[in-house]
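[1] model the following, please.
(one chain, ligands or ions: 1)
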Amino acid sequence: MKTVLITGGAGFIGSHLCEFLLGKGFKVIAMDNLATGDIKNIGHLRGSRNFSYIHHDVSKHIAINEKLDFVLHFASPASPVDYQKIPIQTLKAGSLGTHNTLGLALAKKAKYVLASTSEVYGDPLVNPQPESYWGNVNPIGVRGCYDESKRFAEALTMAYHRIHKLDTKIVRIFNTFGPRMRKDDGRVVPNFITQALKNKPITVYGDGKQTRSFCYVSDLIDGIYKLMLSNLNEPVNLGNPDEHTILEFAEIVKERTKSKSKIAFKQLPVDDPHVRCPDISKARKELKWQPKVEIEEGLSKTIEWFKKN
Ligand code: UDP
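    As a prediction, this is how the structure comes out:
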């Protein structure tokens, strides 16, 4: 039986990874400090014999007694509202947290996966973004705490790969949605769904012409699993290339929730990227991966979950 440590295991993506890998027969250790994660996300897993939870901050030294086959570093605030509230913790999760988890993987001779982000491309001047694009990031802007911590994390991961020959993988995760997103995390999907369900105004920032592309969480997890088992070491984009303006997205949510909400235009946050869309040629070719869930289907499942919770 293979053992995997998942940092950020009580978070949105982390908890889906825990569940998926348990289902695949892994022994799963979830680690979280619950800064933005929620213990309820893994409540249903805690009875499982092959699951354990450690409450710990990844920016502090990590001691694990048992053998590890994989270390997946997914701990970090990831919503712009969250990481701008706790920028120092965010920088520490990406820097010290990445150093600690890489050191642990090296000591355990484990394979390593870093959760990186499309934010490494900043406000991109190239659309869609291939992995070869170096990005357009404001290092001292309000989003810099996240963007730069992930860029540093990628650099450190590649250094461990090159110097220590550690088998590392880097996944650049584009906007992902699904059940267990926090309804108050400030991101566009939970905001629009909760506003629409209450028939309250849907808050579109700026003119709503900025674009995002939304990947359903089960597709992302499938891609991460394929990457984990691959022999790739360079970064790979995972996301859904179906690009929408935010205004279009507001209309789709309205329609899916049969909401009477009006659109309310609000000020565009500082450094909000104008476009974002993954070029997934590499994932298609190297991992034989592509998203399968259409935005409408994913939204229906997510809306159902928000209604129940
Ligand atoms: N956004 C919006 N209304 C909201 C929340 C977000 O118009 O209530 C916009 C935001 O300005 C951005 C996009 O939706 O252009 C996606 O924002 P999110 O916070 O989900 O994450 P990002 O993709 O910027 O990291």
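[2] what are the boundaries of the strands in the stretch 1-150 of the chain?
    Here the stretch 1-150 of the chain has its strands, by DSSP state E, counting those that start in this stretch, at 3-7, 27-32, 51-55, 70-73, 111-117.
[3] for residue 232, which of the ones you listed is the nearest?
    Closest to residue 232 of the strands of the stretch 1-150 of the chain, according to C-beta to C-beta: strand 111-117, at 10.5 Å. Just so you know, the C-beta spots here come from the backbone N, C-alpha and C atoms, and that holds for glycine as well.
[4] tell me the residues of the stretch 101-250 of the chain that contact the ligand?
    175, 187-188, 191, 203-205, 210, 212, 246 (C-beta under 6 Å from any ligand atom).
[5] could you dump those residues into a markdown table with neighbour count added?
    Shown next, in a markdown table, are those (neighbours: other C-beta atoms under 10 Å):
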| residue | neighbour count |
| --- | --- |
| 175 | 19 |
| 187 | 21 |
| 188 | 22 |
| 191 | 20 |
| 203 | 15 |
| 204 | 22 |
| 205 | 15 |
| 210 | 19 |
| 212 | 22 |
| 246 | 20 |
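[6] from those residues, which ones fall inside helices?
    188, 191, 246 (DSSP state H).
[7] what's the closest non-adjacent residue to the second one?
    Right, the one you point to is residue 191. Spatial nearest neighbour of residue 191, chain neighbours left out: residue 203 (6.3 Å); criterion: C-beta to C-beta, 6 or more residues apart in numbering.
[8] what's the mean pLDDT across stretch 121-140?
    What stretch 121-140 shows for mean pLDDT is 98.
[9] buried residues, that stretch. List them.
    By 16 or more other C-beta atoms under 10 Å, the buried positions in stretch 121-140 come out as 121-124, 128-129, 131, 133, 135, 137.
[10] the longest helix in this structure is where?
    Counting by DSSP H, the longest helix found in the chain is helix 144-164.
[11] any regions of the stretch 201-309 of the chain where pLDDT drops low?
    The stretch 201-309 of the chain contains no residues with pLDDT under 70.
[12] please name the bridge partners of the closest residue to the ligand within it.
    Across the stretch 201-309 of the chain, the shortest distance to the ligand (C-beta to the nearest ligand atom) belongs to residue 205, at 3.5 Å. Residue 205 has these beta-bridge partners by DSSP bridges: residue 266.
[13] show me the contacts for it.
    By C-beta atoms under 8 Å, 6 or more residues apart in numbering, residue 205 lies in contact with 246, 265-269, 272.
[14] who wins for neighbours among the residues you listed?
    residue 246 (20 neighbours; other C-beta atoms under 10 Å).
[15] got a list of what that residue touches?
    By C-beta under 8 Å, 6+ apart, residue 246 lies in contact with 188, 204-206, 208-212.
[16] residue 274 too?
    123, 210-211.
[17] 6 Å instead, please
    123, 210 (C-beta atoms under 6 Å, 6 or more residues apart in numbering).
[18] how far away is it from residue 126?
    According to C-beta to C-beta, to the nearest Å, residue 274 and residue 126 sit 12 Å apart.
[19] what's the answer for residue 241, then?
    14 Å.
[20] then residue 67?
    For residue 67, the distance to residue 126 (C-beta to C-beta) stands at 43 Å.
[21] element containing residue 264?
    strand 263-266 (DSSP states H and E).
[22] right, and the helix or strand after that strand?
    helix 281-287.
[23] the residue nearest to residue 191 touches residue 268, doesn't it?
    No. Judged on C-beta atoms under 6 Å, residue 203 makes no contact with residue 268 at a distance of 11.3 Å.
[24] sorry, back to before: for the strand holding residue 264, which outside residues touch it?
    The contact list for strand 263-266 (C-beta under 6 Å, 6+ apart) reads 201-205, 250.
[25] what is the most widely separated pair among those?
    Across those (C-beta to C-beta), the longest gap, 12.5 Å, separates 201 and 205.
[26] ok, residue 91 - contacts?
    Shown in contact with residue 91 (C-beta under 6 Å, 6+ apart): 145, 149.
[27] do the same with residue 35
    For residue 35, the contacting residues are residue 89, by C-beta under 6 Å, 6+ apart.
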